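Enquirer: Structure of the sequence below:
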Amino acid sequence: MRASARASLMVKDLGGLFLYYPGQALVNRVPRGALVGAAALGGGVVRRLGDADMRDELTRIYPPSGGRTMPRPADEILADAYRLTMFNELEVLKYPWLDPTTIDSTCVIEGREHLDAARARGKGAIVLIGHFGANQMIMPALGHVGYPMSQLSAPPPVWAEILKDTRTTPLWRKILARRWELEKRLPVNHINVFRFLRPAFECLGRNEVLGLAFDGGGGKKWVEVDFLGRRANLSVQPAQIWKKTGAALLPTYVIRAPGEARHRVVITEELPWQGTVEKSYQAFVDRFETWVYRWPEQYLHFLAMRRKVRATDVTPFFQDYPPALGQLSPAEAEERLKRAGEWRDTGE
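Expert: The predicted model follows:
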């Protein structure tokens, strides 16, 4: 790793360590509105460490010959992307404060009738999301108003195993462990996406709500779809759960646009199974990408992250990434995922 990259990681890890330990006490004492200014400041600092990947991903959403224009100037979108990412990170520190009496001041649910209608059929409901906006807010939003919910995802410490030779530092391990402690305070049952998926099927069998993301890096089989004008590789895992259980699938996103005080958890109408995994996924991403084109700042952080980890992915998210230094072979990448599956939470 180059000296400049090591220095950048050190700055990020020191900032993260401060944020997740002494910073949490401070964040929980200040009004939520005061976090907006702190997020703008912190996001600006992180952006100065380099925004080339995020800028390039923005250009790929709106290529000069693509027929789409950016909703705002690029620098404004990038500034908002960093600010929103930092704001969402700060709100993680307030997870323990959220409960049935406080959740209404943080989140509002739109389209709840779609979720209730789906559960009335008795086969459970899959709330399918992407890493768009404060996507994790769907857990307290639904859980604290009484919906029994499980979330299929990767516990943060798992990433220290997956990126052991390229990103992981002792400080980062501490940050990830602390974040996991906070996530476990959310009112859901967490299911490790890298381990056995039986709890996900059992959740839907009990007619509960299962939250999962379509754009994660876990899985063993992949399908290609057109997404944002590019060819994307998606794990078939969510679609397999959908098909095998007969559960209703509800495309959902979380948005807090500039000027809005609360996150809006927007549950859209049910998406019918389209006959095949590929056609069903294509129908979903066709709906999802309209939200990205409208609010690119809400998705840029994730796009930049997936680009950064392409060297360690079994199958990269997009097929048009530039060559990556230290690219692992598929077998090597699969071995890392296997190691992730062996991780155990010692706090369980």
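Enquirer: And the helices in the protein?
Expert: Assigned by DSSP state H, the chain shows helices spanning 3-20, 22-29, 35-48, 52-61, 74-92, 112-120, 138-143, 158-162, 170-183, 198-205, 237-245, 277-294, 300-308, 330-341.
Enquirer: of all those, which lies closest to residue 253?
Expert: Comparing the helices of the chain by their distance to residue 253 (Cβ to Cβ), the top pick is helix 277-294, with 5.3 Å. For every residue, glycine as well, the C-beta is placed using N, CA and C.
Enquirer: Now do that closest one against helix 237-245, angle only.
Expert: For helix 277-294 against helix 237-245, the angle by axes from the mean of the first three to the mean of the last three Cα atoms, to 10 degrees is 130 degrees.
Enquirer: which residues touch helix 277-294?
Expert: Helix 277-294 is touched from outside by 61, 68, 71, 128, 130, 132, 214, 223-228, 232, 234, 236, 239-240, 242-243, 249, 251, 253, 255, 268, 271, 273-274, 298-299, with contacts defined as Cβ atoms under 8 Å, 6 or more residues apart in numbering.
Enquirer: what's the lengthiest strand in the chain packed up against?
Expert: Longest strand in the chain by number of residues (criterion: DSSP state E): strand 248-255. Applying 3 or more Cβ pairs under 8 Å, 6 or more residues apart in numbering; DSSP states H and E, one finds that strand 248-255 contacts helix 112-120, strand 125-129, helix 138-143, strand 263-267, helix 277-294.
Enquirer: thinking again about what came up before, please identify which of the helices of the chain is closest to residue 103.
Expert: Residue 103 lies closest to helix 138-143 among these, at 5.8 Å (Cβ to Cβ).
Enquirer: For that closest one, which outside residues touch it?
Expert: 95, 98, 103, 106-107, 109, 115, 127, 129, 149, 151, 186-188, 209, 211, 252, 254, 263, 265.
Enquirer: Looking at the helices and strands packed on strand 248-255, spot the one closest to residue 8.
Expert: Nearest of the helices and strands packed on strand 248-255 to residue 8, taken as Cβ to Cβ: helix 277-294 at 27.0 Å.
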